[in-house]
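Enquirer: Generate coordinates for the sequence data below:
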Amino acid sequence: MPTTNLNLSAECDRRVVAVEVSSQRTVEWIVSAPDLSRPIGRAPLNLALVLDRSGSMQGDKLRYVQQAACHVLDLLDDRDRVALVAYDDQVMLLAPSAAVIKRSRRDLKDRINALQPGGWTDLSGGWLEGCRQVAAHQLPQAVNRALLLTDGLANRGITEVEELTHHARELRQRGISTSTFGVGLDFNENLLEALAAQGGGHFYYIERPDQIPTVFRSELGELLTVAAREVFLSLATPRGVAVELLGDLPHERSGDRLRIFLGDLCAGERRALNTRVLTPPDALGTSVVLRADLGYADLDGMTAQVTAELAFSYVREAEVLLAPHYEAILRRASEVEMATAAARALKLERQGQREQAQALMQQSLAASAPHMPAPAAAAYEALANQMGQGLTEQQRKETHFASYRKRQTRG
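Expert: Predicted coordinates for the structure are as follows:
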């Protein structure tokens, strides 16, 4: 199976910094995977379909989930494994992890289509059972992922967001990722986003039951074209320089290193990571260099690394002010910051702190205004006013998902 090489590049708003005072720069790191237009081998999939069958899933929701799960089976072949888990207040292992072969596909579909709505929602129990099934057959060259679908709140088993995201983070570190699908208006979007973010997968908001098959196809389509797995960007911070990640992608600091986790990248995918850099004063004619290492596992399960550097030259402050700057970098960074502020404000609004939510939005908008496009600024101003009055549940879900997609900077 051929190796896939990722690309890493960097750009910033200005390439010069001041001798006399600290300077703030915005850096955009671009990670991209090749399009792979020629047919190549793909990574095998080791999946668990974890399906909510609680009482609220009755009717169209369960019917469309069954349709979507059966479609997933049609797209897998004998390279792949799948486990089927259903849960209400009880966890049902419908089928342990096994290779998807022609004679077993019909049996798996029959088990899916026999599902009936039940009682409460032990989300953690169903999800962790799915992850156990994936872990039992984990392969270094495979995409190992649990797909968790729910339409309600976790009210049995582990229900605390922090504890569940801790498990998601540990599983990601072991190479087992999680994607989450929230259906309707009653699920906890903060929990499902956190599970996907810390779990190295994707989060989806599904407004209507009839969208379930389309969204599942989108996720599976990406899994079938994964070009690199367990991707991370490691930034080395020079002495005296401060580096801040904009947005809330999973990351950790260790010594002079900032490590940002991106999960899996599919063919043709592009991710932009925005960082703010603060440089100290220094001597005229010197420079400061930022180095980034992009690490990942290729389709053979072998680790690989790509490196990029960005240098800032020290000049007089007057020259800095006259130097050309890249406005598009600042605009994109401001959009990520506003999306992050919107996510924090939504949590305040949900807690009934409407005035605080509105104030947070307005403060963030004022800081971003110099670089924010007028239509986007007007939309955020309107959102701030709506938060002050109180949002409907549909507005919360739609705003949260829009914020999530902007913060992911996928494109």
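
Enquirer: Show me where the stretch 51-200 of the chain has its helices.
Expert: For the stretch 51-200 of the chain, helices defined by DSSP state H, counting those that start in this stretch occupy the ranges 60-75, 102-113, 123-136, 161-173, 189-198.

Enquirer: and the lengthiest helix in the chain, which residues are buried?
Expert: Secondary structure of the chain per DSSP state H: the longest helix is helix 327-350. Across helix 327-350, burial judged by 16 or more other Cβ atoms under 10 Å covers 329-343, 345-346, 348-350. Quick note: C-beta positions are derived from backbone N, CA and C, even for glycine.

Enquirer: Quick one: work out the angle between that helix and helix 189-198.
Expert: Inter-element angle recorded for helix 327-350 and helix 189-198: 140 degrees (by axes from the mean of the first three to the mean of the last three Cα atoms, to 10 degrees).

Enquirer: Report the distance from the next helix or strand after helix 327-350 to the chain centre.
Expert: For helix 327-350, the succeeding helix or strand toward the C-terminus, using DSSP states H and E, is helix 354-368. In terms of Cα atoms, centre = their mean, to the nearest Å, the centre of helix 354-368 is set 24 Å apart from its chain centre.

Enquirer: Let me see the mean pLDDT of helix 354-368.
Expert: In this model, helix 354-368 has a mean pLDDT of 95.

Enquirer: Please write out the alpha-carbon positions of stretch 259-278 in PDB.
Expert: The C-alpha coordinates for stretch 259-278 follow below in PDB (Å, rounded to 0.1, in the frame of the first residue of the first chain):
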ATOM      1  CA  ARG A 259       1.000  19.800  20.600                       C
ATOM      2  CA  ILE A 260      -2.300  20.100  18.700                       C
ATOM      3  CA  PHE A 261      -4.300  17.000  17.800                       C
ATOM      4  CA  LEU A 262      -6.100  16.800  14.500                       C
ATOM      5  CA  GLY A 263      -7.300  13.200  14.400                       C
ATOM      6  CA  ASP A 264      -7.500  11.500  10.900                       C
ATOM      7  CA  LEU A 265      -7.200  13.400   7.600                       C
ATOM      8  CA  CYS A 266      -9.000  12.200   4.500                       C
ATOM      9  CA  ALA A 267      -7.800  12.600   0.900                       C
ATOM     10  CA  GLY A 268      -7.900  16.200  -0.200                       C
ATOM     11  CA  GLU A 269      -8.700  17.600   3.200                       C
ATOM     12  CA  ARG A 270      -7.200  20.900   4.400                       C
ATOM     13  CA  ARG A 271      -6.900  22.100   8.000                       C
ATOM     14  CA  ALA A 272      -5.900  25.600   9.100                       C
ATOM     15  CA  LEU A 273      -4.500  26.100  12.600                       C
ATOM     16  CA  ASN A 274      -4.400  29.700  13.800                       C
ATOM     17  CA  THR A 275      -1.900  30.800  16.500                       C
ATOM     18  CA  ARG A 276      -1.000  34.100  18.100                       C
ATOM     19  CA  VAL A 277       2.600  34.700  18.700                       C
ATOM     20  CA  LEU A 278       4.200  37.300  21.000                       C
END
